[in-house]
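Visitor: Pasting a predicted model and its sequence here:
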Amino acid sequence: MKRRLSVIFASLVIVTMVAVPTYAAISDQQKTEINALNKQMAETQKQIVDKYAEAGEISKAQSDATKANIDASEQYRQQYSQQQPGQIAPNHGYAPGSGYGNGCCGGANYYGGMW
């Protein structure tokens, strides 16, 4: 159950990481098409989450939280897709390596301290 939510969230992160740098090299028409596809993908992901909730694989609270994450990722993508080439979107502590307890295998949560 948690694994499925993790996979959904990871796919959102990957899409966001790939879409933002690619944005700089494309035309306005292509950006519009990509925006439409990203919105469609977000809606499809929410439908998938709803189906898991209907099947009893996840709770209503988990469903709501996951859909809120999907919305937040979409909002973040839209906000920072308008940047000029070369600008970097802030990670606000959500990306690996951004502080204590974050990231894959380090931080305060793994060994109980920084190292």
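Guide: Structure received. Given the structure is predicted, the values throughout are model-derived calculations rather than measurements.
Visitor: Where do the helices of this protein begin and end?
Guide: Ranges of helices in the chain, per DSSP state H, are 2-22, 28-55, 60-80, 108-111.
Visitor: what number of residues lie near residue 72?
Guide: With neighbours defined by other Cβ atoms under 10 Å, the count for residue 72 comes to 12. Every residue, glycine included, has its C-beta placed from N, CA and C.
Visitor: With the one 3 residues further on instead?
Guide: Residue 75 sits with 11 neighbouring residues when counted by other Cβ under 10 Å.
Visitor: same question, the one 3 residues further on
Guide: Applying other Cβ under 10 Å, we find 12 other residues in the vicinity of residue 78.
Visitor: for the one 3 residues further on, same thing?
Guide: Applying other Cβ under 10 Å, we find 18 residues neighbouring residue 81.
Visitor: Lowest-scoring secondary structure element of the chain by mean pLDDT?
Guide: Lowest by mean pLDDT, DSSP states H and E among the helices and strands of the chain is helix 108-111, with a mean of 48.
Visitor: Report the spatially nearest residue to residue 71, omitting neighbours in sequence.
Guide: For residue 71, ignoring the flanking residues on the chain, the nearest one in space by Cβ to Cβ, 6 or more residues apart in numbering is residue 42 at 7.4 Å.
Visitor: try residue 12
Guide: The shortest distance from residue 12 to any non-neighbouring residue, by Cβ to Cβ, 6+ apart, is to residue 73 (4.5 Å).
Visitor: what's the spacing between the one you found and residue 60?
Guide: Going from residue 73 to residue 60 by Cβ to Cβ, to the nearest Å gives 20 Å.
Visitor: more crowded one of the two?
Guide: Higher neighbour count among residue 73 and residue 60: residue 73, with 20 against 8, using other Cβ under 10 Å.
Visitor: That one reaches residue 10, doesn't it?
Guide: No. Using Cβ atoms under 8 Å, residue 73 makes no contact with residue 10, being 11.1 Å away.
Visitor: What are the buried residues along stretch 51-68?
Guide: 52, 53, 58, 62, 63, 66, 67 (16 or more other Cβ atoms under 10 Å).
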